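Asks: could you work out the structure for the sequence below:
(2 chains)
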2 protein chains.
Amino acid sequence: MEEHVVFVGNKPVMNYVLAVITQFNSGAKEVVVKARGRAISRAVDVAEIVRKRFLTDVDVKDIQIATESVETSDDKANVSAIEITLAKQ
Amino acid sequence: MEEHVVFVGNKPVMNYVLAVITQFNSGAKEVVVKARGRAISRAVDVAEIVRKRFLTDVDVKDIQIATESVETSDDKANVSAIEITLAKQ
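Replies: Numbering: from 1, shown residues only, chains lettered A, B, ... in the order given. Next up is the predicted model:
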């Protein structure tokens, strides 16, 4: 099954909200909102705005958190990550 | 049942990690890590650091996200919130 994913970064929240809505409107039954580090707060905003303000038939199906290893030019660092699975009821 | 809660704000991550560890070491079977707005990313860091680095018998039992209404001096705003329930296995 194809997975529909939106990676949340440093753009305005509404860019990602629109991306999620577009995927649901294209027929996706589930959309996974992913983010790392400071963007995690924004990913939660995206999920909340989508389901509270735009698609009230969409709900949070699952939330996972994890630690990912990121390699910079000369170092390694651990960064937290989140995956929020939104699903149509 | 008494609920053990740690509210994550703008202090260094390790302050909250220590608070969680202290509660588990005082006999808590579950500790709920809560945060709002930008502190959400830090709350995820707290949960990940506690279970990966310090208390490997602790795991994420549940994660909830929500929208809360915050009243400032002359306005109302919505802010996202997270509750991460950590539990001893």
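
Asks: just give me the neighbour total for residue A:63.
Replies: Residue A:63: 21 surrounding residues under other C-beta atoms under 10 Å in any protein chain shown. No exception for glycine: its C-beta is placed from N, CA and C like everyone else's.

Asks: where does it fall, secondary structure wise?
Replies: Assigned by DSSP states H and E, residue A:63 belongs to strand A:58-71.

Asks: what are the buried residues along that strand?
Replies: Using 16 or more other C-beta atoms under 10 Å in any protein chain shown as the test for burial, strand A:58-71 gives A:58, A:60, A:63, A:65, A:67.

Asks: for the helix or strand that that strand is followed by, buried residues please.
Replies: The element immediately downstream of strand A:58-71 (helix or strand, assigned by DSSP H and E) is strand A:76-88. Residues A:79-82, A:84-87 are the ones in strand A:76-88 that count as buried (16+ other C-beta under 10 Å).

Asks: of these, which is the nearest to chain B?
Replies: Relative to chain B, the closest of the buried residues of strand A:76-88 is residue A:80; by C-beta to the nearest C-beta it sits at 4.4 Å.

Asks: what's across from that closest one in the sheet?
Replies: Beta-bridge partners recorded for residue A:80 (DSSP bridges): residue A:67.

Asks: show me the contacts for it.
Replies: A:36-37, A:40, A:65-68, B:41, B:44-45, B:48 (C-beta atoms under 8 Å, 6 or more residues apart in numbering or on different chains).

Asks: distance to residue A:11 and pLDDT added to the buried residues of strand A:58-71, as TSV?
Replies: Below are the buried residues of strand A:58-71 laid out as TSV (distance: C-beta to C-beta, whole Å; pLDDT from 0 to 100):
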residue	distance to residue A:11	pLDDT
A:58	21	97
A:60	22	97
A:63	22	98
A:65	22	98
A:67	24	96
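
Asks: my guess is residue A:83 meets residue A:60, correct?
Replies: No: using C-beta atoms under 8 Å, residue A:83 makes no contact with residue A:60, being 11.2 Å away.

Asks: on that earlier part again, which of the contacts of residue A:80 sits closest to residue A:21?
Replies: The closest of those to residue A:21 turns out to be residue A:40 (C-beta to C-beta; 20.6 Å).

Asks: so how far is residue B:52 from the closest one?
Replies: 16 Å (C-beta to C-beta, to the nearest Å).

Asks: those two: which has the busier surroundings?
Replies: Using other C-beta under 10 Å as the criterion, residue A:40 and residue B:52 rank with residue A:40 on top: 26 against 14.
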